[in-house]
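1. Structure of the sequence below:
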Amino acid sequence: MIEYRIDRRTGVATYLQIVQQTKQALRLGLLEPGDRLPTAREVVEATAINPNTVLKAYRELEREGLVEARRGLGTFVRKSLGAAAAQSPLAGELADWMRRARTGGLSREDVAALFNSALEREFTEGEQ
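-> Here you go, the predicted structure:
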């Protein structure tokens, strides 16, 4: 089951963090069709956020056709976003790079900045 981590420093709305983390778990194959998402109560207990925030995130995921609420049972994954990324040899290479960056003295924020810069540069240039 997925465990949400809320970062109040990002400036990203809390419900969007839940949506993004759920989509990431779907892309990586950590969640598959039929899996149950944590209940709103479980998320609230783990993250200390408002239950309405969780419900808003789940409604957004449902609107996108990724999950479905089953009355009295919970919210379940309807479809995957594909787990090709997790199975790619590039996943291991990226993990190795992350380890080298950390042992080389880069902070999490440094690594995130480098990664996001390269991601933006590569995919912006590739879309032109």
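2. count of neighbours near residue 10?
-> For residue 10, the neighbour count with other C-beta atoms under 10 Å is 10. (Glycine included, C-beta is placed from N, CA and C.)
3. is it true that it lies in a helix?
-> No. Counting by DSSP: H, G, I helix; E, B strand; the rest coil, residue 10 falls outside a helix, being coil.
4. for this structure, which residue is closest to the average position?
-> What sits nearest the mean C-alpha location of the chain, by C-alpha atoms, centre = their mean, is residue 21, with 1.9 Å.
5. Regarding that one, what is its secondary structure?
-> Recorded secondary structure, residue 21: helix (three-state DSSP).
6. just residue 58 next, same as before
-> Taking three-state DSSP, the label given to residue 58 is helix.
7. Give me the phi and psi angles of the residue lying closest to it once chain neighbours are set aside.
-> Spatial nearest neighbour of residue 58, excluding adjacent residues (C-beta to C-beta, 6 or more residues apart in numbering): residue 75 at 5.2 Å. Main-chain torsions, residue 75, degrees, to the nearest 10: phi -110, psi 130.
8. And this structure, what are its domain boundaries?
-> As assigned by automatic domain parsing, the chain contains the domains 14-77, 88-127.
9. how about TSV for those domains, with distance to residue 8 and mean pLDDT added?
-> Converted to TSV, the domains of the chain look like this (distance: least, C-beta to C-beta, whole Å; pLDDT from 0 to 100):
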stretch	distance to residue 8	mean pLDDT
domain 14-77	8	95
domain 88-127	16	86
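10. what's near enough to touch residue 1?
-> 35, 36, 37, 38 (C-beta atoms under 8 Å, 6 or more residues apart in numbering).
11. the helices in this structure, which residues?
-> Using DSSP state H, the helices found in the chain span residues 14-27, 40-47, 51-63, 84-87, 89-103, 108-127.
12. Serialize these to CSV and add fields for distance to residue 6.
-> Below are the helices of the chain laid out as CSV (distance: least, C-beta to C-beta, whole Å):
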stretch, distance to residue 6
helix 14-27, 6
helix 40-47, 5
helix 51-63, 9
helix 84-87, 23
helix 89-103, 22
helix 108-127, 16
